[in-house]
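Okay, predicted coordinates and the sequence, questions at the end:
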Amino acid sequence: MRTNSQRGGALIAVLWLTAALTAIAFSVASTVRAEIDRATTASEGARGYYLARGALERFFLDIDRGGLPVLRSAPAIRYVFPEGDAIVEIIPETSKLNVNQIQEEELLRLLLAMGLEADRAAYLTAAILDWRTALPTIDAVSPFDVKYLNQIPSFRARHASLEEIEELLLVDGMTRELFYGGFERNPDGSLAARPGLRDCLSVFGTRGAVDIRTATVPVMTALEVPPSVIALVLAARRDNPALDIEAFARLQPLLGDSASRLSLGGKTMFTIRATARLRQGNSLSATRRSVAALVKFNARPKPHHILRWDDQAVTSFSGVDLAW
């Protein structure tokens, strides 16, 4: 009996030890798998970054060789590399409204078109106008300054023209989601990019007509372009993404009174954004990396001058439809 009891105890001990070792093995395997996935994601991100950067450098090389007409060839150019594909968006700053010049009613319509409730849109409109409006005396304090001074760290509004569009992130009532944009789900379950304020406003934006090829729907709504005309513009983009001078001339008679608020092409200031996806067999990776630059284009001898470089650019929320 004692021998059988000892054998039974030993068997139970072995079973418990086996179970413990199995649990440890599963834990180690799970940790290793997580680390492999993390390393793979980091590797794809790094490779995607350099692919996007290479596409941007390739675009600037094409500009140096082909001159400024390359800017007006299409709203986006696709580059195919052995490692993957990259789409370079050509977004004139004239597709955005000037944040320092936009009128109060236009700003309010823009915020409403971006989905804000009426009360919040009105409050944020007042906050932005306060930020860029000078006070009567140097010692004067606005109601918004009182809120800013009670924050940690405390600060005051600029009360002058914005020098960088990112200043809007400091304005009371602003959120990162509203500024940067996001994604929303379509009825069919797919995701669609939702533009943010950075895609609609710029310190280099236009005070007149906006670029018809890349202006977002909220921008056109802010300019009181009727929904029927906006639908016409979106349809024209889908049918002819390049939307050259001849196509624009055929479209103009259909625009009605909105023709004066819509133009073709930009001036000298552009945001150039490259979005890359790595090749995986016969398909492209779901991982996307974007790199962007704010560029001033000039005549010869140097066709372009980079003013800002963004290694962490947000993937397209502009009016350009990226067709992979």
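Thanks, I have it. Numbers count the residues shown, from 1 in each chain.

Let me see the contact set for the residue lying closest to Gly196 once chain neighbours are set aside.
Counting by Cβ to Cβ, 6 or more residues apart in numbering, Gly196 lies nearest to Gly181, which is 3.1 Å off, once chain neighbours are set aside. Every residue, glycine included, has its C-beta placed from N, CA and C. Counting by Cβ atoms under 8 Å, 6 or more residues apart in numbering, Gly181 touches Ala193, Arg194, Pro195, Gly196, Arg198, Asp199, Val314, Phe317.

and the helix or strand where Ile63 lies, what other elements does it pack with?
Ile63 is located in helix 2-66, with elements delineated by DSSP states H and E. Applying 3 or more Cβ pairs under 8 Å, 6 or more residues apart in numbering; DSSP states H and E, we find helix 2-66 packed against strand 76-81, strand 84-92, strand 269-280, strand 289-297, strand 304-310.

quick one on the thing from earlier: of the contacts of Gly181, closest to Tyr123?
Distances from Tyr123 to the contacts of Gly181, taken as Cβ to Cβ, are shortest for Gly196 (17.9 Å).

what's the next secondary structure element after whichever helix or strand Thr125 is part of?
Using DSSP H and E, Thr125 sits within helix 118-132. Remark: after helix 118-132, the chain's next helix or strand is helix 143-149, criterion DSSP H and E.

Which positions within that next one qualify as buried?
Residues Phe144, Asp145, Tyr148 are the ones in helix 143-149 that count as buried (16 or more other Cβ atoms under 10 Å).

which one among the residues you listed gets closest to Arg207?
Within those, proximity to Arg207 (Cβ to Cβ) peaks at Phe144, which comes in at 24.8 Å.

Tell me how far that closest one lies from Glu89.
Counting by Cβ to Cβ, to the nearest Å, the gap from Phe144 to Glu89 is 35 Å.

dump the residue contacts of Met220.
Applying Cβ under 8 Å, 6+ apart, the residues near Met220 are Val210, Val229, Ile230, Val233, Arg261, Leu262.

Of the residues you listed, which belong to helices?
Val229, Ile230, Val233 (DSSP state H).

Worst mean pLDDT across the helices and strands of this protein, which element?
Scoring the helices and strands of the chain by mean pLDDT, DSSP states H and E places strand 191-194 at the bottom, with a mean of 76.

Tell me how far it lies from the chain's centre.
11 Å (Cα atoms, centre = their mean, to the nearest Å).

ok, now stretch 37-52?
Taking mean C-alpha positions (Cα atoms, centre = their mean), stretch 37-52 and its chain are 19 Å apart.

For that stretch, list every residue counted as buried.
Glu44, Arg47, Gly48, Tyr49, Leu51, Ala52.

what about the helices in the stretch 151-300 of the chain?
176-180, 217-222, 227-239, 245-255 (DSSP state H, counting those that start in this stretch).

Which residues does the longest one contact?
Helix 227-239 is touched from outside by 75, 212-213, 217, 220-221, 225, 243, 247, 251, 254-256, 258, 262, 319, 321, with contacts defined as Cβ under 8 Å, 6+ apart.

Hey, what's the angle from that helix to helix 245-255? Just curious.
Using axes from the mean of the first three to the mean of the last three Cα atoms, to 10 degrees, the direction of helix 227-239 lies 160 degrees away from that of helix 245-255.

how about helix 227-239: buried residues?
Val229, Ile230, Leu232, Val233, Ala236, Arg237.

possible to save these as TSV with pLDDT and distance to Asn298?
Formatted as TSV, the buried residues of helix 227-239 follow (pLDDT from 0 to 100; distance: Cβ to Cβ, whole Å):
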residue	pLDDT	distance to Asn298
Val229	91	34
Ile230	92	33
Leu232	90	34
Val233	90	30
Ala236	87	30
Arg237	86	28
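
quick one: which of those residues is nearest Gln280?
Arg237 (29.5 Å).

separation between the closest one and Thr216?
From Arg237 across to Thr216, the span is 12 Å (Cβ to Cβ).

do Ile77 as well
20 Å.

neighbour count winner among the two?
For the pair Ile77 and Thr216, the greater number of neighbours falls to Thr216 (25 against 18), based on other Cβ atoms under 10 Å.

Correct me if wrong: the more buried one contacts Ser95.
Yes. Counting by Cβ atoms under 8 Å, Thr216 touches Ser95, with 7.5 Å between them.

Return the distance of the nearest residue to Phe183 once chain neighbours are set aside relative to Leu116.
Using Cβ to Cβ, 6+ apart and skipping the chain neighbours, the partner closest in space to Phe183 is Leu191 (4.6 Å). If you measure Leu191 against Leu116 using Cβ to Cβ, the figure is 21 Å.

more crowded one of those two?
Leu116 (18 against 10).

number of nearby residues for the closest residue to that one other than its chain neighbours?
Using Cβ to Cβ, 6+ apart and skipping the chain neighbours, the partner closest in space to Leu116 is Leu124 (7.0 Å). As a burial measure, Leu124 scores 22 neighbours (other Cβ under 10 Å).

give the contact list for Leu124.
Residues counted as contacts of Leu124 (Cβ under 8 Å, 6+ apart) are Leu111, Leu116, Val171, Gly173, Met174.
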